[in-house]
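Enquirer: return atomic coordinates for the entry below.
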Amino acid sequence: MAARRSVDPVKTRAAVAAVADWLRDDSVAEPARADLADAVRLTARTLAEYAPGASVEVRVPPFVAVQCIAGPKHTRGNPPNVVETAPRTWLLLATGLLSVADAVAAGALQMSGTRAAEIADVLPVVRLPD
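Expert: Below you'll find the model as predicted:
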């Protein structure tokens, strides 16, 4: 298995900045797919770096799935603790523009398993400048 590379915080902030207008205002045109993919992947990988482990799987289809949160890890089949959401919702969570509780209440974030809610303790991973 290949070793994980560290996420470059400068690249992550730049990727988020490229989609910031759209995150702040959903009437702004959706960013280019490549820009959206970069922001989603880098923020999710940053989460995995900040909260290493394999107890919770965070899925943001179609761009990325990462494992995070220390504790028992799964190796086969469906993981017991899963968080899944759409790219825009993920980026809102990752930047602190939306809380986990509000996303769940709105039906925009699906969580299963007893440990899934622990991602709220490590979000946001990147703050948008004012």
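
Enquirer: so residue 110: helix, strand or coil?
Expert: strand (DSSP: H, G, I helix; E, B strand; the rest coil).

Enquirer: measure the residue nearest to it when sequence neighbours are not counted to residue 30 for me?
Expert: Spatially, and ignoring its direct neighbours in sequence, residue 110 is nearest to residue 84 (4.8 Å; C-beta to C-beta, 6 or more residues apart in numbering). For glycine as for every other residue, the C-beta is placed from the backbone atoms N, C-alpha and C. Counting by C-beta to C-beta, to the nearest Å, the separation of residue 84 from residue 30 is 20 Å.

Enquirer: so between the two, which is more surrounded?
Expert: Neighbours were counted for residue 84 and for residue 30 using other C-beta atoms under 10 Å; residue 84 has more, 17 against 12.

Enquirer: direction included, what does the host helix or strand of that one pair against?
Expert: Residue 84 belongs to strand 82-85 when assigned by DSSP states H and E. Note on strand 82-85: by DSSP bridges, its sheet partners are strand 56-60 (parallel), strand 109-112 (antiparallel).

Enquirer: so of those, which one's packed in deepest?
Expert: Counting by mean count of other C-beta atoms under 10 Å, strand 56-60 has the highest mean neighbour count of those, with a mean of 23.

Enquirer: mean confidence score for that one?
Expert: Averaging pLDDT along strand 56-60 yields 96.

Enquirer: for residue 124, which non-adjacent residue is closest in space?
Expert: Once flanking residues are discounted, residue 124 sits nearest to residue 96: 3.4 Å by C-beta to C-beta, 6+ apart.

Enquirer: one more: residue 26?
Expert: Spatial nearest neighbour of residue 26, excluding adjacent residues (C-beta to C-beta, 6+ apart): residue 88 at 7.5 Å.
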